[in-house]
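Asks: From the sequence below, what's the structure:
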Amino acid sequence: MAEEGADRVQMEDSISHWQVFRDLVFFQFKLLLDGVRDLVLSPISIAAVVLGFILHPATPGRYFNQLLGLGHKSDKWINLFGSVEGVPREGQGDEDQRFTDDYLRRLEGLIQSEYEKGGLLKDVKERVDRLLTQKIADESPKRGGNSE
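Replies: Residues are numbered from 1 along each chain as shown. A predicted model of the protein is given here:
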């Protein structure tokens with residue numbers, strides 16, 4: 001019975017580790033998208049203001065404001081700090097506002113289906129799970145000894 005409980009705890013720790021890793025990968029991908037968007041928008045914003053001054057002196061912010069609207073939409077698409085689990089950020093409800101999350105979930109589904117088929121992904125995951133389980137088991141006595 002004690003072994004069953006220990007196996008369940010190790011399994012939950014493994015799932016927790018994979019969940020955190022998954023969330024980290026998703027967050028890093030979103031950071032990359034956000035950074036690329038910023039790099040692209042920076043020179044375009046300068047051009048928008050210059051063109052506004054030249055082409056529409058009465059309303060020079062015309063193009064710049066349109067660019068800000070596009071930037072706001074791209075924030076919603078990227079959903080940098082939003083949940084990947086489909087829980088929208090405050091003020092979100094439209095499907096198009098979770099654009100990046102939807103594609104990341106689809107990619108995750110493809111990876112999971114490949115894992116279920118077996119092969120390299122399954123071998124790698126099982127090896128990492130064993131390493132994590134061993135690491136947790138090695139750390140458990142150390143934690144127990146330090147708390148006394």
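Asks: alpha carbons only for contacts and neighbour counts from here, please
Replies: Noted.
Asks: Just give the closest residue to the spatially most central residue of the chain, not the sequence neighbours.
Replies: For the chain, the residue sitting closest to the mean C-alpha position, by CA atoms, centre = their mean, is Phe26 at 2.2 Å. If you skip the residues right next to it in sequence, Phe26 has Leu104 as its closest partner in space, 7.1 Å away by CA to CA, 6 or more residues apart in numbering.
Asks: Which residues are in contact with Leu51?
Replies: The contact partners of Leu51, taken as CA atoms under 8 Å, 6 or more residues apart in numbering, are 60, 63.
Asks: Which pLDDT value goes with it?
Replies: The model reports Leu51 with a pLDDT of 97.
Asks: repeat for Asn79
Replies: At Asn79, the pLDDT value in this model is 91.
Asks: didn't it look like it was pressed against Asp101?
Replies: Yes - using CA atoms under 8 Å, Asn79 makes contact with Asp101 at a distance of 7.4 Å.
Asks: Run through the helices of this structure in chain order.
Replies: Read by DSSP state H, the chain holds these helices, from start to end of the chain: 2-55, 62-78, 99-117, 120-146.
Asks: Quick check: which of those helices has the most neighbours on average?
Replies: Across those, averaging neighbours per residue (mean count of other CA atoms under 10 Å) puts helix 62-78 on top, at a mean of 16.
Asks: Going by contacts, tell me the helices and strands next to that one.
Replies: Using 3 or more CA pairs under 8 Å, 6 or more residues apart in numbering; DSSP states H and E, the elements in contact with helix 62-78 are helix 2-55, helix 99-117.
Asks: wait, which of those helices is closest to Val128?
Replies: In this view, the helices and strands packed on helix 62-78 are compared for proximity to Val128 by CA to CA, and helix 2-55 is the closest at 9.0 Å.
Asks: quick check: angle from that closest one to helix 62-78?
Replies: Using axes from the mean of the first three to the mean of the last three CA atoms, to 10 degrees, one finds that helix 2-55 and helix 62-78 are set 170 degrees apart in direction.
Asks: Tell me where this structure is predicted with low confidence.
Replies: 1-15, 83-98, 142-148 (pLDDT under 70).
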